[in-house]
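# return a 3D structure for these sequence lines:
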Amino acid sequence: MNKDFTFTIKSTCLDENYQPSDNTRITTNFANLARGNSRQANLRNALNMIDNSFNALAHWDNTQADRYSVELEIISVDIDIEGSGQTFPSIEILKTNIVDHKNNKRIEGIVGNNFSSYVRDYDFSVLLLDHNKDQSTFSIPDNFGDLHGKLFKYFVNSSAYQQHFNKPPVICLSVSNNKTYHQTENHHPVLGVEYQPNESSLTEQYFKKMGLQVRYFMPANSVAPLAFHFFGDLLNDYTTLELLSTISTMETFQKIYRPEIYNANAVAGKCYQPNLNNLDHSLTHIVYDREERSKMANHQGKFAEEHFIKPYQTVLEQWSAN
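Now for the predicted structure:
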């Protein structure tokens, strides 16, 4: 049985007037910022932080540090399993665009950056928890992440993706707080100093099933390495400005969501272990509800189970096997 799943791609501008639509995953980082009394100030401050970070990194021919601004688009991807017009919200990613005010031109950035997915919520918040409910030692279910990985690769290879985007995605995440990272001798002019983890994490293995490799770099002006998940050759497939758009965007989000690591007052050394209990950090003036976010991941994992995994189980299993 060979099914052709079809994808619909929608774009929403992420600016200070952004309001999450009803079918946006509200665990998505930017959606969490865009609610409550401080929504507009939150968004404005976060976007200012991104622009300031970008200009500090792109400092050549930029004496006033105001040459560039970064525009963000939320890319929502819906999947139609049966060709019936019934769609399910599969993933949400971010696209960066760079505005060069000196030359009055708009430069395409990178797609990916932030990554959220209902099926991933299902895998981590429902499947993994159920599997370990009565176990004395933690273990991973067989084929964990296989379906999600195949769906993601199918999307990146789809005509819908190719029509909208020129290059493969790069997804940028926080480092894992239960791994140790060692600084290497490798230093990239844009990405900074490379680190290597002492062992692979579950997130790393999950993203590997999506076809993505990972490398860890700490850019200039940063205090901790970021995890860059990518296809191909991260160091040579993207331009300097493209890479800087991802660094400035995702490091800003991490300063807001994980200030203990990314807004720490001390810079990561040669041997670095991220610590979410680190009290020696600064807070941004941006309100973010971390507790709500973890509750919502569970809620949305159950939504995926009810509206996607269970109704299409047979079709998905047959498709995945082929």
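
# for Asp130, give its distance to Ala297.
Per C-beta to C-beta, to the nearest Å, Asp130 is found 15 Å from Ala297. Where C-beta positions appear, they are placed from N, C-alpha and C, glycine not excepted.

# more neighbours: those two, which one.
Ala297 (21 against 11; other C-beta atoms under 10 Å).

# just the pLDDT at that one, thanks.
Ala297 carries a pLDDT value of 80.

# can you check Ile247 too?
Looking at Ile247, the pLDDT reads 97.

# quick one: distance of stretch 196-215 to the chain centre.
14 Å (C-alpha atoms, centre = their mean, to the nearest Å).

# got the end-to-end distance for that stretch?
End-to-end distance of stretch 196-215 (C-alpha to C-alpha, to the nearest Å): 8 Å.

# repeat that for stretch 130-142.
Span of stretch 130-142 from end to end, C-alpha to C-alpha: 13 Å.

# report the buried residues of that stretch.
By 16 or more other C-beta atoms under 10 Å, stretch 130-142 has no buried positions at all.

# what's next to it, contact-wise?
127-128, 202 (C-beta atoms under 8 Å, 6 or more residues apart in numbering).

# and those residues, which of them are buried?
Buried among those by 16+ other C-beta under 10 Å: 127-128.

# so which of the contacts of stretch 130-142 sit within helices?
In helices, defined here by DSSP state H, the members of the contacts of stretch 130-142 are 128, 202.

# and the helices in the stretch 51-200 of the chain, which stretches?
118-122, 128-132, 146-156, 159-164 (DSSP state H, counting those that start in this stretch).

# give me the mean pLDDT for the second one.
The one in question is helix 128-132. On average, the pLDDT along helix 128-132 is 87.

# thinking again about what came up before, out of the contacts of stretch 130-142, who's nearest Thr249?
The closest of these to Thr249 turns out to be Leu202 (C-beta to C-beta; 24.8 Å).

# please name the nearest non-neighbouring residue to the most centrally placed residue in the chain.
Nearest to the mean C-alpha position of the chain, counting by C-alpha atoms, centre = their mean, stands Asn114 at 2.3 Å. Of all residues not flanking Asn114 in the chain, Leu94 sits nearest, at 4.5 Å (C-beta to C-beta, 6 or more residues apart in numbering).

# tell me how many other residues crowd the one you found.
Residues near Leu94, counting by other C-beta under 10 Å: 28.

# how about His101?
Neighbours of His101 (other C-beta under 10 Å): 11.

# could you find the closest non-adjacent residue to it?
His101 sits nearest to Arg67 (C-beta to C-beta, 6+ apart), 5.8 Å away.

# for that neighbour, give me phi and psi.
Backbone torsions for Arg67, taken as degrees, to the nearest 10, come to phi -70, psi -30.

# Asp61 is in contact with that one, correct?
Yes - here Arg67 reaches Asp61: they are 7.0 Å apart, a contact under C-beta atoms under 8 Å.

# more neighbours, these two?
Using other C-beta under 10 Å, the more surrounded residue of Arg67 and Asp61 is Arg67, with 19 against 9.

# for Leu14, see how far away that one is.
21 Å.

# if we can go back for a sec, list the residues that contact both of Arg67 and Asp61?
Residues touching both Arg67 and Asp61 (C-beta under 8 Å, 6+ apart): Lys102.

# and Gln254, how far from Asn263?
8 Å.

# my read: Val190 touches Ser222, true?
No - between Val190 and Ser222 there is no contact under C-beta under 8 Å: 11.9 Å.

# so for these two, which residues contact both of them?
Ile247.

# so in this protein, where's the weakest helix or strand by average pLDDT?
Using mean pLDDT, DSSP states H and E, the weakest-scoring helix or strand in the chain turns out to be helix 29-33, at a mean of 62.

# burial count for the residue nearest to Tyr161 when sequence neighbours are not counted?
Nearest residue to Tyr161, sequence neighbours excluded (C-beta to C-beta, 6+ apart): Phe155, at 5.9 Å. Residues lying near Phe155 (other C-beta under 10 Å) number 20.

# residues in contact with Phe155?
Here Phe155 is in contact with 7, 77, 79, 90-91, 161 (C-beta under 8 Å, 6+ apart).
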